[in-house]
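For reference, the sequence and a predicted model appear below.
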Amino acid sequence: MDYMFQPGFLGTRAPFFMDFVTLIVALLPLLVGLAIFVARYHHYTLHRIMQSTIFVLSLIVVGYFEYGVRLAGGYEALAQGTHVSHHYLLAVLVLHIVIAVVTLGIWSSTLLAAQKSYRRGGLLPGVDSYVHKRAGIRTFIGISLTSLTGIWVYLLLFVF
């Protein structure tokens, strides 16, 4: 696991695992947007597979991130090299965590509801598809905000 703490590839003070996770987090809205684009053209099976895969991979990446943070010594150890105020950094980090946890709940419930509907024969016209579309939009917004705040935390920790 030494590779995790080698210098990263983005040219900052960050270790490899932080660069890797940040890259995935930055790409996440694009991947989810692509899955939504696929659904707009009525490729619902592909949309379902893409969304489920992206969700599972995201959970794996979060686990990898948490493992790396713990091995690195936690938040305090990672924050040692920054010139940013501890209070400001902590506030941004808490904001990021709150957005990420709420988004995880919305995304999970959206996927579970869609899977139940799919098992009943697919999303039904009318209320189910309208509700799913609205939940999907909320999920996409949450994922985008999670991505932006995650990048913000990365910049505060390893660039500024």
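That came in fine, so what should we check first? Numbers count the residues shown, from 1 in each chain.

by contact count, what packs against the longest helix along the chain?
In the chain, taking DSSP state H as the definition, the longest helix is helix 86-119. With contacts defined as 3 or more C-beta pairs under 8 Å, 6 or more residues apart in numbering; DSSP states H and E, helix 86-119 has these neighbours: helix 44-72, helix 74-79, helix 127-158. All C-beta spots, glycine's among them, are computed from the backbone N, C-alpha and C.

Looking at these, which is nearest to Val101?
Among the helices and strands packed on helix 86-119, the nearest to Val101 by C-beta to C-beta is helix 127-158 (9.3 Å).

buried residues in that closest one?
For helix 127-158, burial by neighbour count (16 or more other C-beta atoms under 10 Å) applies to 128, 131-132, 135-136, 138-140, 142-147, 149-150, 153-158.

and if you look at stretch 43-59?
Result for stretch 43-59 [16+ other C-beta under 10 Å]: buried residues 47-48, 50-51, 54-55, 58.

from those residues, which single one is nearest Asp19?
Using C-beta to C-beta, the buried residues of stretch 43-59 come closest to Asp19 at Ser58, 17.1 Å.

ok, the residue nearest to the closest one when sequence neighbours are not counted to Gly74 distance?
Nearest non-adjacent residue to Ser58, counting by C-beta to C-beta, 6 or more residues apart in numbering: Leu28, 6.5 Å away. The spacing between Leu28 and Gly74, counted by C-beta to C-beta, to the nearest Å, is 24 Å.
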